[in-house]
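# Return atomic coordinates for the entry below.
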Amino acid sequence: MSEIRVAIVGVGNSASALIQGIEYYKNAKENETVPGLMHVVFGKYHIRDVKLVAAFDVNKNKIGKDLAEAIFTEPNCVVKFAEVPSLGVKVSPGPVMDGVAQHMKETFNVYENKKIEAYDVVKILRNSEAEILINYLPVGSHDASRFYAQAALDAGCAFINCMPEFIASDPTWSKKFEEEGLPVAGDDIKSQLGATILHRNLVRLCVDRGVIVDETYQLNLGGDTDFQNMTVEERLKTKRISKTEAVKSMVPYDLPTRIGPSDYVSFLGNKKICYLWLKGRKFGDRPLTVTVKLEVEDSPNSAGVVIDVVRAVKLALDRKISGQLLSISSYAFKHPPIQVPDSVAKEWVEEYIQGKRDR
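Next up, the predicted model:
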């Protein structure tokens, strides 16, 4: 049997949805249509081929637990849609660094260094024979993301960067992975149907139909730790860049925007509410306004996309492809090395699966 050995940094809601999804669809038939996945079998890999072998977190209530239990430990609040059996993988403590903002230490139940020492991340990755490391750290984790990217390099792991620090799209970092013969995909995961993908396609529709877009905004509300973390504006710099560039890249002219997280509403839990507004001009300079409200369960919205990314990266490992994976990054991430329309990116991925594109 083929398997894809995966390690995760950050055992939060996104990791929980991913692991539940692998269990939920493990018996899916090859010709079945699964919501949120490009294919049940991606290349030669089924959903059930994804195997978790290591995990890192800083929450003292998650450290030492089996990963199957840790994904349902507070403050995680994602809906439980699958019973996950014991995975035989205990959550290891990782270094705190800037992965935890000052205002999040209590919420994240951060361990004290005197009682628990961060394990040797590289050693754990090697001993677990992990092939791919997924970065699910909180927004604003500049130093911590680069620490784990370097750990992946040192351990011989490919790297998937699901959060908005620029690794795959940074030529310096992507070159490091290329020199080590390892693939890297990122940055900042798109949801199956989330605020950014909807906003991109709405703007793209206007451009394709000859509507001049004068102004647009995207306001997002949520009640999980992701939104609580983002109440500090200084942690949002790269997040706003990522989301804004994803939308503005669809327009061949300058476009005034305000895009990104707007507020934390605790009782929303893992629900995300997005408000989109667009003002434009059609024939005769007649005004046009579009207003959209989107409500989704946030974490499951990206889990299937990550399963596709994992399998795309595994194909790269099999084919000895290193450095930036342009096709899957353009399709699955908000801030890829190259921005193209989503329909083009999907076509690239299908060609990549068939071996018609080398990355």
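
# where in the stretch 51-200 of the chain is pLDDT low?
Within the stretch 51-200 of the chain, the ranges that satisfy pLDDT under 70 run 113-118.

# For it, which segments count as helices?
Listed in chain order, the helices of the stretch 51-200 of the chain (DSSP state H, counting those that start in this stretch) span residues 67-70, 121-127, 142-155, 171-179, 195-208.

# TSV for those, including distance to V310 and mean neighbour count?
(C-beta placed from N, C-alpha, C; glycine too.) As requested, these are exported to TSV (distance: least, C-beta to C-beta, whole Å; neighbours: other C-beta atoms under 10 Å):
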stretch	distance to V310	mean neighbour count
helix 67-70	16	21
helix 121-127	16	18
helix 142-155	14	21
helix 171-179	16	17
helix 195-208	19	19
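
# Could you check the ones you listed and tell me which one is nearest H39?
Proximity to H39, assessed across the helices of the stretch 51-200 of the chain by C-beta to C-beta, is greatest for helix 195-208 (18.7 Å).

# Helix 195-208 and the helix or strand following that closest one, what's the angle between them?
Sequence-wise, the next helix or strand downstream of helix 195-208 (DSSP states H and E) is strand 212-222. Here strand 212-222 points in a direction 170 degrees away from that of helix 195-208 (axes from the mean of the first three to the mean of the last three C-alpha atoms, to 10 degrees).

# contacting residues around strand 212-222?
Residues from elsewhere that reach strand 212-222 (C-beta atoms under 8 Å, 6 or more residues apart in numbering): 195-196, 199, 203, 206-207, 227, 243, 247, 251, 255-265, 268, 270-282, 298.

# 7 Å instead, please
Residues from elsewhere that reach strand 212-222 (C-beta atoms under 7 Å, 6 or more residues apart in numbering): 195, 199, 203, 206, 251, 255-265, 268, 271-281, 298.

# For that strand, C-alpha coordinates in PDB please.
Output of strand 212-222 as PDB, limited to C-alpha atoms (Å, rounded to 0.1, in the frame of the first residue of the first chain):
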ATOM      1  CA  ILE A 212     -15.200  48.800 -14.300                       C
ATOM      2  CA  VAL A 213     -14.700  48.000 -10.600                       C
ATOM      3  CA  ASP A 214     -14.200  51.300  -8.700                       C
ATOM      4  CA  GLU A 215     -14.100  50.100  -5.100                       C
ATOM      5  CA  THR A 216     -14.600  46.900  -3.100                       C
ATOM      6  CA  TYR A 217     -14.300  45.600   0.400                       C
ATOM      7  CA  GLN A 218     -14.300  42.300   2.200                       C
ATOM      8  CA  LEU A 219     -15.100  42.200   5.900                       C
ATOM      9  CA  ASN A 220     -14.800  38.900   7.900                       C
ATOM     10  CA  LEU A 221     -16.100  38.000  11.300                       C
ATOM     11  CA  GLY A 222     -15.400  34.800  13.300                       C
END
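
# tell me what the following helix or strand past that strand is packed against?
Counting by DSSP H and E, the element after strand 212-222 in chain order, helix or strand, is helix 225-229. Judged by 3 or more C-beta pairs under 7 Å, 6 or more residues apart in numbering; DSSP states H and E, the packing partners of helix 225-229 are strand 257-264.

# ok, E295 touching N270?
No. In terms of C-beta atoms under 7 Å, E295 does not count as a neighbour of N270; the distance is 11.5 Å.

# Of these two, give the one with the bigger neighbour count.
When E295 and N270 are compared for neighbours, N270 comes out ahead with 24 against 10, by other C-beta atoms under 10 Å.

# in terms of contact, does that one touch V78 like I think?
Yes. N270 is within contact range of V78, at 4.8 Å (criterion: C-beta under 7 Å).

# Overlap in contacts, these two.
N13, S299.

# Which other helices and strands does the helix ranked longest in the chain contact?
What stands out as the longest helix in the chain, according to DSSP state H, is helix 300-318. Helix 300-318 is packed against strand 4-9, helix 13-24, strand 41-42, strand 132-135, strand 158-161, strand 183-186, helix 326-332, with contacts defined by 3+ C-beta pairs under 7 Å, 6+ apart.

# which one in the protein is furthest away from the centre?
Distance from the centre of the chain peaks at G284, with 41.9 Å (C-alpha atoms, centre = their mean).

# just to revisit the earlier point, flag every buried residue along the longest helix of the chain.
For helix 300-318, the neighbour count (16 or more other C-beta atoms under 10 Å) marks 300-317 as buried.

# re the thing from before, next, format the helices of the stretch 51-200 of the chain as JSON lines and append distance to V349.
Shown next, in JSON lines, are the helices of the stretch 51-200 of the chain (distance: least, C-beta to C-beta, whole Å):
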{"stretch": "helix 67-70", "distance to V349": "28"}
{"stretch": "helix 121-127", "distance to V349": "27"}
{"stretch": "helix 142-155", "distance to V349": "22"}
{"stretch": "helix 171-179", "distance to V349": "18"}
{"stretch": "helix 195-208", "distance to V349": "15"}
